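> okay, structure incoming, though there's no sequence with it:
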Ligand SMILES: [Zn+2]
């Protein structure tokens, strides 16, 4: 380690200590900024100290859960792991998570898609796991082609990195095809059977990444994910290196068999949380763990001990009523949550909270791409709108045929349910900046289940 | 009274859908239905050869550069037919990328691309992109039009082309003129992208009225209970005007 890196590290560490002790603030970003400012190469220097290497996880939806499950499973196998568990996923957040430095076996880092251009050349990870690409936060991330270009460029700047991509996602495979042409090694995972989920809105991203023709689907799971092929034969779902089959998705969680490269007999995995989208996340985490030499038993042990954090699919009990809290920050994520609600056969209530802070994306036009219409048929459903854009949510719901009230907090939303039987669960779906306040409120008012 | 019907052509929804554009069709559909006007929405796809002969309202949304180019190449083949539709008073609502297609040319990357030439305007490119919430005062809507814009293009209206309105907050056509969008015959073009109509029921009803007048000679639109829509409009407008919102 050069003297400059030592100073940067010490300064970063001091900032981190100061923040925690004096300000009682989350030390996830600022120390990284301080360290990066003193030594822009600090992440690369620290990456060089890792005994085994690093894995980066990116993709529009599911990064945080996938990263945390993967990191836990490495730890369950006895490895020491650096990880940005709280989800600070830009260059500074990753630098901060690297600061504890030497002595770790692995770094497992979630990276924002556009940050890969800084993160990959610095970390030189052994694997980049690309979960999916959906339209998200348009005003910040720009068009999806730009996101794809950035990841391809990032991979070119880190030639030893192997791309592990979702083979069911034409947009991720669009990245994979171009990266492979430029010399990147590509591996893929996917679900190798029709999940027969209730049909959701036909996605915008169903066009061939090579010739632009509309893709054919043997089956489609949700959004643009499925067994796709171009009618002109130039682009299709690859032969999957790892496959999930025998998938079961229920209110109590998911289970599936995973087989593929280096796995003698299919292994059954199960988790007590999540819907169909979680199968992809857990499959991706398993593949990452497998590539890092972790066996299925250790992985399952990590799953058994894992409970979603940061408000991702957390269950609470408040005054006798079950409250389910989950993040829903883009159309695909929201539609997946609506599927979760549909899979819950009980009569229920929902509180949809949409903010438009910078971190959420100032533009919430995407709420018109969410299939709220699917909820209109559920006569037993009570819906309340919230967030800085509660009025927009209310308009959206009106045009979906749903009448809703507005509430300014979870507590107020629960109050609106006064006469609604307490056996009915309340689903609280929020986008990014609304999640923490909702979680804090629920922890104050009730108990975690 | 026999039921009134209006035919709505939704142009290339699979390509031009960047920012929740389908919300506009949903709103037209519902606001006609609530008034016993039968909406007939037809999606025009890339492989179709559209006819505008019996179309009352055409809607064109916004897409990424790549998608917009496919659409423009496709639509250039229908240029004559679109032109007679517009000159005959056909109602055409064009937002965001669709708005740029209306003019004689627009810029994509470093390249100037031929547009549909339906309205005397052209679009070139500038930096930075003009992004953010926007509010516009327009004679076609009793409420200020509120929404979101996100465009690299700078649109310049020819002499005599009326803007949709005056920018009260945000950037508008080019960030300098203080003008937003265009009005020409029954064409409405605007950078207020994606779901323009939900929070701006005045614009939705203007579009429906113009189509009814053209087809039936008169439009007596029944008033609707718009409390929810108008409240959403008012809340956003106040936020912009009271300075709570910054670039
Ligand atoms: Zn093709």
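Ah, there it is. All of these numbers come straight from a predicted model, not from anything done at the bench.

> how much space separates the nearest residue to residue A:357 once chain neighbours are set aside from residue A:355?
Spatial nearest neighbour of residue A:357, excluding adjacent residues (C-beta to C-beta, 6 or more residues apart in numbering or on different chains): residue A:433 at 4.2 Å. Placement of C-beta: from N, CA and C, glycine included. Taking C-beta to C-beta, to the nearest Å as the measure, residue A:433 falls 5 Å from residue A:355.

> contacts for the helix or strand of chain B with the lowest mean pLDDT?
None of the helices or strands of chain B scores lower by mean pLDDT, DSSP states H and E than helix B:65-76, at a mean of 85. Helix B:65-76 is touched from outside by A:143, A:145, A:212, B:11-12, B:15-16, B:18, B:46, B:60, B:62-63, B:82, B:97, B:100-101, B:108-109, B:113-116, with contacts defined as C-beta atoms under 8 Å, 6 or more residues apart in numbering or on different chains.

> now do 6 Å
Applying C-beta atoms under 6 Å, 6 or more residues apart in numbering or on different chains, the external contacts of helix B:65-76 come out as B:12, B:15, B:46, B:97, B:101, B:108, B:116.

> and the two most separated of those?
Using C-beta to C-beta, these span at most 18.2 Å, a distance reached by B:46 and B:108.

> mean confidence score for stretch A:413-431?
Across stretch A:413-431, the average pLDDT comes to 91.

> repeat for stretch B:44-53
For stretch B:44-53, the mean per-residue pLDDT is 88.

> same deal with stretch B:32-40?
Averaging pLDDT along stretch B:32-40 gives 96.

> and the next helix-or-strand element following the least confident helix or strand of chain B, what's buried?
Sequence order places helix B:79-87 as the next helix or strand after helix B:65-76, per DSSP states H and E. Within helix B:79-87, the residues that count as buried by 16 or more other C-beta atoms under 10 Å in any protein chain shown are B:81-82, B:85-86.

> which element is residue A:177 on?
Taking DSSP H and E as the criterion, residue A:177 maps to helix A:170-181.

> who are the packing partners of the helix or strand following that helix?
Where DSSP H and E defines the elements, the next helix or strand beyond helix A:170-181 is strand A:186-191. For strand A:186-191, the elements it packs on are strand A:162-166, judged by 3 or more C-beta pairs under 6 Å, 6 or more residues apart in numbering or on different chains; DSSP states H and E.

> cutoff 7 Å now
When contacts are defined as 3 or more C-beta pairs under 7 Å, 6 or more residues apart in numbering or on different chains; DSSP states H and E, strand A:186-191 packs onto strand A:162-166, helix A:170-181, strand A:242-250, helix A:276-291.

> I'd like these laid out as a markdown table, including mean neighbour count and distance to the ion.
Converted to a markdown table, those look like this (neighbours: other C-beta atoms under 10 Å in any protein chain shown; distance: least, C-beta to the ion, whole Å):
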| stretch | mean neighbour count | distance to the ion |
| --- | --- | --- |
| strand A:162-166 | 25 | 18 |
| helix A:170-181 | 23 | 10 |
| strand A:242-250 | 17 | 24 |
| helix A:276-291 | 25 | 24 |
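
> mind putting these in TSV, mean pLDDT included?
Putting those into TSV (pLDDT from 0 to 100) gives the following:
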stretch	mean pLDDT
strand A:162-166	98
helix A:170-181	97
strand A:242-250	94
helix A:276-291	96
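
> nearest to chain B, of those?
helix A:170-181 (11.9 Å; C-beta to the nearest C-beta).

> got the angle between that closest one and strand A:162-166?
Relative orientation of helix A:170-181 versus strand A:162-166 (axes from the mean of the first three to the mean of the last three C-alpha atoms, to 10 degrees): 160 degrees.

> please see if helix A:170-181 touches chain B.
No - using C-beta under 7 Å from any C-beta of the partner chain, we find that helix A:170-181 stays clear of chain B, coming within 11.9 Å at best.

> that older thread, look at residue A:433 and residue A:355 and report which has more neighbours.
Per other C-beta atoms under 10 Å in any protein chain shown, whichever of residue A:433 and residue A:355 has more neighbours is residue A:355, with 22 against 18.

> separation between that one and residue A:109?
Distance, residue A:355 to residue A:109, using C-beta to C-beta: 26 Å.

> residue contacts, residue A:104?
Residues in contact with residue A:104 (C-beta atoms under 7 Å, 6 or more residues apart in numbering or on different chains) are A:50, A:80-82.

> please name every helix or strand in contact with the longest strand seen in chain B.
Secondary structure of chain B per DSSP state E: the longest strand is strand B:121-137. Applying 3+ C-beta pairs under 7 Å, 6+ apart, we find strand B:121-137 packed against strand B:105-108, strand B:145-157, strand B:165-169, helix B:227-241.

> show me what counts as buried in it.
Residues of strand B:121-137 classed as buried: B:121-123, B:130-136 (neighbour count, 16+ other C-beta under 10 Å).

> just those now: which is nearest residue B:37?
Lowest distance from residue B:37 to the buried residues of strand B:121-137 (C-beta to C-beta) belongs to residue B:136, with 26.6 Å.

> wait, the closest one touches residue B:145, no?
Yes - if you go by C-beta atoms under 7 Å, residue B:136 and residue B:145 touch, sitting 4.4 Å apart.

> bridged to residue A:163, which residues?
residue A:128, residue A:186 (DSSP bridges).

> quick one: low-confidence ranges for the chain?
The chain I'm using is chain A. Within chain A, the stretches with pLDDT under 70 are A:1-30, A:37-39, A:137-142, A:310-311.

> ah, no, chain B please
Using pLDDT under 70, chain B drops low at B:1-2, B:245-247.

> change it to 50
Along chain B, the parts satisfying pLDDT under 50 run over B:247.

> could you chop chain A up by domain?
Per the record, chain A has its domains at A:1-37, A:41-304, A:314-448, by automatic domain parsing.

> identify the residue spatially nearest to residue B:123, adjacent ones excluded.
Per C-beta to C-beta, 6+ apart, closest to residue B:123 is residue B:106, 3.9 Å.

> list the contacts of that neighbour.
Contact partners of residue B:106, counting by C-beta under 7 Å, 6+ apart, are B:100, B:113, B:115, B:122-123, B:153.

> the residue nearest to residue A:357: what's it in contact with?
Counted by C-beta under 7 Å, 6+ apart, residue A:433 has contacts A:355, A:357, A:359-360.

> out of the residues you listed, who's nearest residue B:235?
Minimum distance to residue B:235 across the contacts of residue A:433 is 13.7 Å, recorded for residue A:355 (C-beta to C-beta).

> contacting residues around the closest one?
Going by C-beta under 7 Å, 6+ apart, residue A:355 touches A:387-389, A:431, A:433-434.

> in helices only, show me those residues.
Counting by DSSP state H, those place A:433-434 in helices.

> farthest-separated two in the contacts of residue A:355?
A:389 and A:433 (11.2 Å).

> quick one on the thing from earlier: closest one to chain A out of the buried residues of strand B:121-137, please.
Using C-beta to the nearest C-beta, those come closest to chain A at residue B:131, 5.5 Å.
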